[in-house]
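Engineer: Take this sequence and fold it.
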Amino acid sequence: MTGNFYLKRVGAEDPADENRMSGFGLLDLFQCEVEYHFSAQDMSLEEAELYIQNVLNCLPDKTINEICKRSYEWKTEKMSCDTAEYPSGLAEAEGKDILAFMSVADVELYRNPYDSNDKRLGAILGGGTEWDTENGMEIVVRGDKVLEVREYLGYGEFAIWTETDENE
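Structural biologist: Residues are numbered from 1 along each chain as shown. Got it, this is the predicted structure:
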């Protein structure tokens with residue numbers, strides 16, 4: 001990625017909670033604009049933008065391949081026990097081709113709630129898939145490590161960290 005990344009249209013999400021911020025910007029993996037959300041109590045705008053620029057928008061191939069592998073496993077399991085009508089090409093999609101059947105609209109950014117000295121940020125990429133249109137999707141990452149790709153559960157930062165996680 002060239003140049004610095006800046007969120008657009010940044011502001012408080014709710015006048016009653018001025019710490020809850022959001023802004024819009026590119027998510028390189030899906031080549032789309034998404035809404036990024038974060039708490040100004042947990043991280044500054046600059047920290048959020050640097051994490052997006054240097055981590056989320058520069059995911060290593062190993063991370064992208066892990067997202068695709070886990071997505072493929074979820075898709076295969078879902079399609080094997082379901083009789084729904086699926087789009088053409090979905091059954092055969094694997095590797096990076098599976099990304100065409102996924103979408104992301106929101107990215108939640110988090111800091112470790114158990115260790116304020118942990119400099120790593122985490123994110124949950126939220127959206128949908130063509131194989132599970134009812135439940136939504138979450139891609140859960142800590143730093144650039146994929147923790148889960150699954151249906152939406154909404155655990156927030158507690159899907160990324162537990163009290164027993166070590167600061168690696």
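Engineer: Where does pLDDT dip in the protein?
Structural biologist: Counting by pLDDT under 70, the chain has low-confidence residues at 1-2, 165-168.
Engineer: what are the ranges of the helices in it?
Structural biologist: 45-54, 61-80 (DSSP state H).
Engineer: With adjacent residues omitted, what lies nearest to the residue nearest to the spatial centre of the chain?
Structural biologist: When Cα atoms, centre = their mean is applied to the chain, the residue found nearest the centroid is residue 125 (1.9 Å). Excluding the flanking residues, the one nearest residue 125 by Cβ to Cβ, 6 or more residues apart in numbering is residue 139, at 4.1 Å. Every residue, glycine included, has its C-beta placed from N, CA and C.
Engineer: That neighbour contacts residue 122, correct?
Structural biologist: No - if you go by Cβ atoms under 8 Å, residue 139 and residue 122 don't touch, sitting 11.1 Å apart.
Engineer: for the helices of the chain, which one ends up most surrounded?
Structural biologist: Greatest average neighbour count among these goes to helix 45-54 (a mean of 18), per mean count of other Cβ atoms under 10 Å.
Engineer: hey, what's residue 17 bridged with?
Structural biologist: residue 14 (DSSP bridges).
Engineer: So which residues of this structure form strands?
Structural biologist: 8-14, 17-27, 32-39, 102-111, 121-129, 137-142, 145-151 (DSSP state E).
Engineer: Export the helices of the chain as TSV, with columns for distance to residue 116.
Structural biologist: Shown next, in TSV, are the helices of the chain (distance: least, Cβ to Cβ, whole Å):
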stretch	distance to residue 116
helix 45-54	13
helix 61-80	25
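Engineer: Let me know which of the ones you listed is the nearest to residue 19.
Structural biologist: The closest of the helices of the chain to residue 19 is helix 45-54. By Cβ to Cβ, the value is 11.9 Å.
Engineer: what's in contact with that closest one?
Structural biologist: In this structure, residues lying in contact with helix 45-54 by Cβ atoms under 8 Å, 6 or more residues apart in numbering are 1, 4-7, 10, 21, 23, 25, 36, 38, 43, 107, 109, 121, 123.
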